[in-house]
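Visitor: need coordinates for the below:
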Amino acid sequence: MSVLERRRYYRTNVTDTWAHCVCDYASGRYAVADLSQSGVLISDGPMLSADTQLRMQLHMPGGDPISLDGVVLRCDGSTNNSSQYAVKFGYLAEDEQERIQAFIVQKLIHELSPVVL
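Guide: Model (predicted):
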């Protein structure tokens, strides 16, 4: 990570992960752009505003969904087609933390593995 990086956990890009999010005024399926042990970047779903409390089901390949709470930290509506939302996870049980960490490590190993042609 760069010297200016403020994140506590490694963040990896994902393409095969999605989240179903519910709040007081919206419910929908969101694409997960990147994931860390402390949060997620989601897009392509109903509009959310900053400080919105969410109930989420995080769907990662190879296992059952993880149910968790989160809060929208930032909204980036700079693109015309879709907005992105940075969501910080609430409390995670140890087994949920381990599942997310194992998934991130698996993605990292895949990214760093040499490609054979």
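Visitor: hey, let's count contacts and neighbours off CA atoms from now on
Guide: OK.
Visitor: bridged to residue 22, which residues?
Guide: residue 27, residue 55 (DSSP bridges).
Visitor: surely it touches residue 48?
Guide: No. The pair formed by residue 22 and residue 48 falls short of the contact definition of Cα atoms under 8 Å, at 10.0 Å.
Visitor: same drill for those two, tell me which one is more crowded.
Guide: residue 48 (21 against 18; other Cα atoms under 10 Å).
Visitor: excluding chain neighbours, give the residue nearest to the residue nearest the centre of the chain in space.
Guide: Nearest to the mean C-alpha position of the chain, by Cα atoms, centre = their mean, lies residue 40 at 2.3 Å. In space, and not counting its chain neighbours, residue 40 is closest to residue 87: 5.3 Å by Cα to Cα, 6 or more residues apart in numbering.
Visitor: cool, residue 43 as well?
Guide: Residue 43's closest residue in space is residue 84 (Cα to Cα, 6+ apart), at 4.5 Å.
Visitor: could I get the contacting residues of that neighbour?
Guide: Contact analysis of residue 84 by Cα atoms under 8 Å, 6 or more residues apart in numbering lists 41, 42, 43, 44, 75, 76, 77.
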